[in-house]
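J.: Build the 3D model from these lines:
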Amino acid sequence: MNFKEELRQRTELAERTLAAFLPREQGFQKTVIEAMNYSATAGGKRLRPILMRESAALFCNADRVAALPCFMAALEMIHNYSLVHDDLPAMDNDEYRRGRKTTHVVYGEGMAVLAGDGLLNYAFETAAAAFDNAKTPEDYRRAAASLQILGRKAGIYGMIGGQCADLEAEGAGADVTDEQLLFIHEHKTAALIQAAMMIGATLAGASAEEIGLLERCAYNVGLAFQIQDDVLDVAGSSEVLGKPVGSDEKNHKLTYVALHGLEESRREVERLSDEAAGILASLPRRNLFLEELVRQLIYREK
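T.: Just a heads-up that it's a prediction; the model follows:
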């Protein structure tokens with residue numbers, strides 16, 4: 001398997017899928033739609049829709065899952081809305097994202113808030129379109145279950161809950177405990193990765209036990225991904241990352257690296273990634289690309 005070529009093809013598919021669902025820039029609301037699309041088309045790894053599709057492929061031919069594109073696009077919209085809001089002056093106050101000016105710098109703070117709100121609401125409108133393709137009671141059940149996963153993992157018991165804990169931990173320094181930090185990473189980062197893998201499995205007809213295994217696998221993937229992000233913020237290059245390094249320290253955020261050091265953090269990323277790959281390898285149907293994608297998280301530079 002040529003992993004780089006396979007990843008390129010899957011990334012392009014995710015890009016096309018997202019583009020197919022983005023709103024047209026017209027009407028009196030044109031500016032907010034432009035800001036939404038500016039944010040959503042800024043590039044990135046498209047990791048979450050790729051993980052969703054590859055998780056579905058563990059249980060069936062993903063091309064036959066009609067609801068999959070709706071949820072792939074919806075989850076990427078939610079991820080991007082969170083980045084728009086994260087970059088705001090009231091949050092991380094970042095001026096660059098993926099090598100270009102952030103949404104609030106280009107469109108203004110108020111319009112960036114609306115763009116984030118727009119992406120979040122449009123995401124659920126997009127996901128709900130899955131019901132248009134439903135043909136059997138089982139199709140409806142799977143789409144409804146996936147909507148519940150999406151709402152919970154993106155909401156107060158998922159990503160938003162993690163962002164809340166993260167915001168309150170700012171400036172707390174040494175008073176932030178390991179338990180709090182893991183809660184932040186689990187909910188702020190891992191929750192959307194869990195949504196990706198769980199929804200992919202749900203739409204493909206996986207059992208409750210199999211969906212639970214993928215939820216655990218995604219926890220490991222998400223935690224490893226976030227710890228690696230903390231590592232890159234200390235040891236990475238702003239040219240490669242496309243954003244300034246050292247923003248965590250600037251914003252007085254206590255990270256896994258600050259608590260445990262660079263080397264232990266790197267070992268933990270590798271351990272979590274290997275454990276996640278082990279869970280994937282234990283499933284009845286193997287997906288070698290997905291297993292390699294998980295392993296590659298420990299080597300990424302951006």
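
J.: From residue 300, how far off is the residue nearest to residue 60 when sequence neighbours are not counted?
T.: In space, residue 60 comes closest to residue 204 once its chain neighbours are excluded; the distance is 4.6 Å by C-beta to C-beta, 6 or more residues apart in numbering. Glycine gets a C-beta too; all of them are placed from N, C-alpha and C. With the distance defined as C-beta to C-beta, to the nearest Å, residue 204 ends up 27 Å from residue 300.

J.: Which one of those two is surrounded by more residues?
T.: Neighbour tally, residue 204 and residue 300, criterion other C-beta atoms under 10 Å: the higher count belongs to residue 204, 24 against 16.

J.: Correct me if wrong: the more buried one contacts residue 63.
T.: No. Residue 204 is beyond contact range of residue 63, at 11.2 Å (criterion: C-beta atoms under 8 Å).

J.: Backbone dihedrals for the residue nearest to residue 60, both of them.
T.: As for residue 204, its main-chain torsions (degrees, to the nearest 10) stand at phi -90, psi 0.

J.: and it, what does it touch?
T.: For residue 204, the contact set (C-beta atoms under 8 Å, 6 or more residues apart in numbering) comprises 55, 56, 57, 58, 59, 60, 62, 65.

J.: swap the cut-off to 7 Å and go again
T.: Residues in contact with residue 204 (C-beta atoms under 7 Å, 6 or more residues apart in numbering) are 56, 59, 60, 65.

J.: Report pLDDT for the residue lying closest to the second one once chain neighbours are set aside.
T.: Read it as residue 59. Ranked by C-beta to C-beta, 6+ apart and with sequence neighbours excluded, the top spatial neighbour of residue 59 is residue 204, at 3.9 Å. In this model, residue 204 is scored at 97, pLDDT.

J.: The one 4 residues further on now?
T.: Model confidence at residue 208, given as pLDDT, is 97.

J.: Count the neighbours of it for me.
T.: Taking other C-beta under 10 Å as the criterion, the count of residues near residue 208 is 10.

J.: same thing with residue 297?
T.: Per other C-beta under 10 Å, the neighbour tally for residue 297 reads 21.

J.: Kindly report the same for residue 11.
T.: 17.

J.: contacting residues around the helix or strand containing it?
T.: Taking DSSP states H and E as the definition, one finds residue 11 inside helix 3-21. Helix 3-21 has contacts (C-beta under 7 Å, 6+ apart) with 40, 46, 49, 50, 69, 72, 73, 76, 126, 289, 292.
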